[in-house]
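Chemist: Got a predicted structure here, sequence first:
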Amino acid sequence: MHTIHELLTRLWDDYALLNLQVPAICQLIEQRGDTVVNDHIALRTYSDPRIGIDVLADSFVRLGYCVADDYEFPEKHLTARHYEHTDPKLPKVFISQLEIDAFSPVLGQLVNDLIDQVPTSLTKQSDFSVSGRPWQLSYQTYAQLASESEYAAWMSAFGFRANHFTILVNALTTFNDLQSLNNFLKDHGHALNTSGGEIKGSPQVWLEQSSTLADKVEVQFTDDLRMIPACYYEFARRYPKPDGRLFQGFVAKSADKIFESTDRR
Ligand code: NI
């Protein structure tokens, strides 16, 4: 069994190795003398009971994480749940799943064919959440999934790993606000997701978020080698609620747009 620190480190190492923008951004921020603190990690899956949110969350729950809140994204047919650890210094874990029943029987069959390839033993492993893609698929299947859901396609190509980490802007000392961090990143050539505006949310909902656009990486399919969007980096500034404590939840309307950071462009 992993310790929670080992599991989080493996998720980070896999993420930073796959997405070169991630270590580049960390380095830019650290060169200013700042320290990067992670607000949350996001994972994705499909709603099938063999690999759904509860299955993916299991190793986190066994390592001290508890369910904190549930979310719905009707437009994208996603549901999500966020988990918090008893140690508040550990990042929150946000797990979403694509509601397969909301899509065509064709998508349902394609996704089922992928999940049929997942060994049950894998889903019981403590490192299931960082096991990568446990199935083979063609680029044709990826493209067919993408025609109904960008999320379905991303999940088919990348499998189980961090979809993004999130820098807690509150913990940065050399940026006054999220806008100045955004400007700094753009000045250094990092494109941001502008869907729904560059900054999603506001102090009124106690959370502001922005994110990069995912870089393309080479992915091997059974019939082709293709460059497709991988993961992005997210930035969150949290505000105190009326009781004076920092808001720790998520805002569905903002996250709805953040999901689009992995869309094909
Ligand atoms: Ni996020």
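Modeler: Sure, I can see it. Here the structure is a predicted model, which means the values were calculated and not measured. Numbers count the residues shown, from 1 in each chain.
Chemist: and this structure, which residues reach the ion?
Modeler: 42, 166, 234 (CB under 5 Å from the ion). C-betas here are computed from N, CA, C, even on glycine.
Chemist: Could you point out the helix or strand that follows the stretch of helix or strand the last one belongs to?
Modeler: Using DSSP states H and E, the secondary-structure element containing residue 234 is strand 232-238. Downstream of strand 232-238, the first helix or strand assigned by DSSP H and E is helix 252-258.
Chemist: Check which helices and strands that following helix sits against.
Modeler: strand 65-73, strand 200-202, strand 207-211 (3 or more CB pairs under 8 Å, 6 or more residues apart in numbering; DSSP states H and E).
Chemist: Using JSON lines, please lay out those together with mean neighbour count and mean pLDDT.
Modeler: Formatted as JSON lines, the helices and strands packed on helix 252-258 follow (neighbours: other CB atoms under 10 Å; pLDDT from 0 to 100):
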{"stretch": "strand 65-73", "mean neighbour count": "15", "mean pLDDT": "97"}
{"stretch": "strand 200-202", "mean neighbour count": "20", "mean pLDDT": "96"}
{"stretch": "strand 207-211", "mean neighbour count": "23", "mean pLDDT": "97"}
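Chemist: need these in a markdown table with distance to residue 88, can you?
Modeler: Formatted as a markdown table, these follow (distance: least, CB to CB, whole Å):
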| stretch | distance to residue 88 |
| --- | --- |
| strand 65-73 | 12 |
| strand 200-202 | 21 |
| strand 207-211 | 17 |
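Chemist: which one of these lies closest to residue 173?
Modeler: Nearest to residue 173 among these is strand 207-211; the distance by CB to CB comes to 17.7 Å.
Chemist: Report the buried residues of the next helix or strand after that closest one.
Modeler: Next along the chain after strand 207-211, taking DSSP H and E as the criterion, comes strand 216-220. Neighbour-count burial for strand 216-220 flags 217, 219 (criterion: 16 or more other CB atoms under 10 Å).
Chemist: follow-up on the earlier one: extract the C-alpha set from the strand holding residue 234 and format it as PDB.
Modeler: What follows is strand 232-238, C-alpha atoms only, in PDB (Å, rounded to 0.1, in the frame of the first residue of the first chain):
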ATOM      1  CA  TYR A 232      -3.700  21.600 -18.700                       C
ATOM      2  CA  TYR A 233      -2.600  23.500 -15.600                       C
ATOM      3  CA  GLU A 234      -5.200  25.300 -13.500                       C
ATOM      4  CA  PHE A 235      -5.000  28.400 -11.200                       C
ATOM      5  CA  ALA A 236      -7.500  29.100  -8.400                       C
ATOM      6  CA  ARG A 237      -7.900  32.000  -6.100                       C
ATOM      7  CA  ARG A 238     -10.200  31.300  -3.100                       C
END
